[in-house]
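> 3D model of this:
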Amino acid sequence: MEQLVLIIGLLFATVVAVGLGDRLRLPYPVLMLIMAGALTFIPGFPDLRIDPELILPIFLPPLLFATAQKSSWSVFRIRWRTILLLAVALVVVSTAMVAGAAWLLIPGIGLPAALALGAMAAPPDPVAVESVAGRVHMPRRLITVLQSEGLFNDAAAIVIFQAAVAAAMDGEAFGPGVIGKFALGAVVAVIVGMVMGWVTGLITKLITSSVARSAVTLVVPFAAYILAEEVHASGVIAVVVTALEIKRHARAEDATERITRAAFWDVVELLVTGLAFGLVGLEVREVIKAEGSAIWGMLPLAIGISVLVIVVRFVWLWLVALLSAKRDGDLPPTSLKDVVILTWCGMRGLATLALALALPTALPNGDAFPGRHEIIVVACAVLLATLVLPGLTLPWLMRVLKATDDGAEEREAAKLLALRAQGAAVAALKDNDVIQNLPAEKLALVKSKMLRLHAELLDGSLKNEGKEAQRKRGRELAIAVQTIALDAARQEVLLARNEPDTDPEVADRVLRQLDLRTMIMPDA
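Prediction:
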């Protein structure tokens, strides 16, 4: 019962942290981490124990799914170089640099254990990045880079970690075979994600309740993750592909479902994120308590590796910016300002903590796992240094660099997309028998003043009918016209969402407005 009360308390604290974060303009996940860590100083505070092997399967699927829903396949087609350079190559480089430092500085750690530490410290957390960067009016082009990186880097880190631990535990060779394992796991995961996306579409067509269809999307991420892991593929990639496939096959007529699902997932994402970072705070505190006074001797090592992680990311992003300039590319980072911001947003989170806690306590022969205490302390130090400090100072950094986005570019993109949707609506109306006999001035009204169309048509001039019949006929015509127009407009926005030049989040905002207008239409 104590653990249930603690979980409910963390969920309630999440709501408080959101309100407090809005007032202080600070990210609520960071506040949750700090609050949870502080709570453990209260005498008699209950412990919450979660099997380390369950942390990733419980929290990653819904949070990755929520983030991936905001993207599209076209984004990844455009940014495939960014994904390879940041989500894969940077993870490998960071792992190697941290492992090298740990191998030199921690006596008797051995290369496999050092590589396990490197894998823990390497991947920025997409959940942390999304919740922090999105609140400081960061330019969308940078947020998109961080999202693209964060959705795939856990997969590379987890494969390296598992191979390193296997090498330490069983003496398996750690070498080029890891690359093949990662590639094969990624391919299988893509197939799993495609299949799960297709199955989800089939199920939602058979279910009539919009609430039930939204609930299906909560089950699907877990199913995709577990199925992929069972066939030794990447659960992370499977969840991301599933989300992208579901969004790709979205239907124009599912307006009510989209509104219901968006509200549902907003609540799920908020509470799960708060709970996850609350648990991170509790676990970090437990690590500190378990290590006792010995932790003070590990602080110089922990601080040094934390700084190394930040420096490696900065140097790598700077090299990517130089490469982009030589190729005349326009994808960030393209300037030193971009490099600084993207470096500061390299926040570690759930994956780092889960991998640290999943580290075995002993080798098969009974000996302690090499350098386990130092590894856990360093991993937690990296998490705190790259999450708390940037999370609290990012608003200040954005002001100093004058990098805050006023949203003008997004508003212009939304305006152009809305005009495109309106054009599709008018074209559909012109081609439809329902309004072929409408006068030209009313077609112009449909094009320019869609919000006033209903009232105007109710004043229609069907001279040969009675007043009540005119009103009923006008009402039916208004509803038919709006239905045709809105269906065509939504279909056009969904088509644009899958195009390379369209920001998926901008398309989603325009689509939401069309969906809301559909839901408030009167019944015939």
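> going forward, measure contacts between C-alpha atoms and count neighbours the same way
OK.
> residue nearest the centroid of the protein?
Most central residue of the chain, judged by C-alpha distance to the mean C-alpha position with C-alpha atoms, centre = their mean, is Thr67 at 2.3 Å.
> ok, that one - contacts?
Residues in contact with Thr67 (C-alpha atoms under 8 Å, 6 or more residues apart in numbering) are Pro126, Val127, Glu130, Gln147, Leu151.
> most surrounded residue in the residues you listed?
Pro126 (29 neighbours; other C-alpha atoms under 10 Å).
> Check the contact between it and Ile143; I expect there is one.
No: between Pro126 and Ile143 there is no contact, the gap being 10.4 Å when judged by C-alpha atoms under 8 Å.
> mind listing what's buried in stretch 49-58?
Applying a neighbour-count criterion of 16 or more other C-alpha atoms under 10 Å, the buried positions in stretch 49-58 are Ile55, Leu56, Pro57.
> Make sure Leu10 is actually in contact with Gly278.
Yes: under the contact definition of C-alpha under 8 Å, Leu10 touches Gly278, with a separation of 6.4 Å.
> Touching both of these two, which residues are there?
Shared contacts of Leu10 and Gly278 (C-alpha under 8 Å, 6+ apart): Ala36.
> In terms of neighbours, single out the busier of these two.
Using other C-alpha under 10 Å, the more surrounded residue of Leu10 and Gly278 is Gly278, with 27 against 23.
> Quick check: that one vs Gly118, distance?
Using C-alpha to C-alpha, to the nearest Å, Gly278 is found at 24 Å from Gly118.
> and the host helix or strand of Glu409, what does it pack onto?
Taking DSSP states H and E as the criterion, the element that holds Glu409 is helix 408-430. With contacts taken as 3 or more C-alpha pairs under 8 Å, 6 or more residues apart in numbering; DSSP states H and E, helix 408-430 sits against helix 440-448, helix 467-497, helix 504-519.
> For Leu115, give me its contacts.
By C-alpha under 8 Å, 6+ apart, the contact set of Leu115 is Thr95, Ala96, Val98, Ala99, Ile160, Phe161, Ala164.
> Run a quick neighbour tally on the second one.
In this case it means Ala96. Once other C-alpha under 10 Å is used to define contacts, Ala96 is seen to have 18 neighbours.
> Surely it touches Met120?
No: using C-alpha under 8 Å, Ala96 and Met120 do not qualify as a contacting pair, with a distance of 11.5 Å.
> Quick check: pLDDT value at Phe161.
At Phe161, the predicted lDDT confidence score is 90.
> Tell me who's in contact with it.
Leu115, Ala116, Leu117, Ala119, Met120, Leu355.
> again, 10 Å this time
95, 112-120, 155, 167, 355-356, 358-359 (C-alpha atoms under 10 Å, 6 or more residues apart in numbering).
> quick one: the helix or strand hosting Ser74 to chain centroid distance?
In this structure, Ser74 sits in helix 73-78 according to DSSP H and E. A distance of 15 Å separates the C-alpha centroid of helix 73-78 from that of its chain, computed with C-alpha atoms, centre = their mean, to the nearest Å.
> What residues of that helix count as buried?
Along helix 73-78, the positions that meet the burial threshold by neighbour count (16+ other C-alpha under 10 Å) are Trp73, Ser74, Val75, Phe76.
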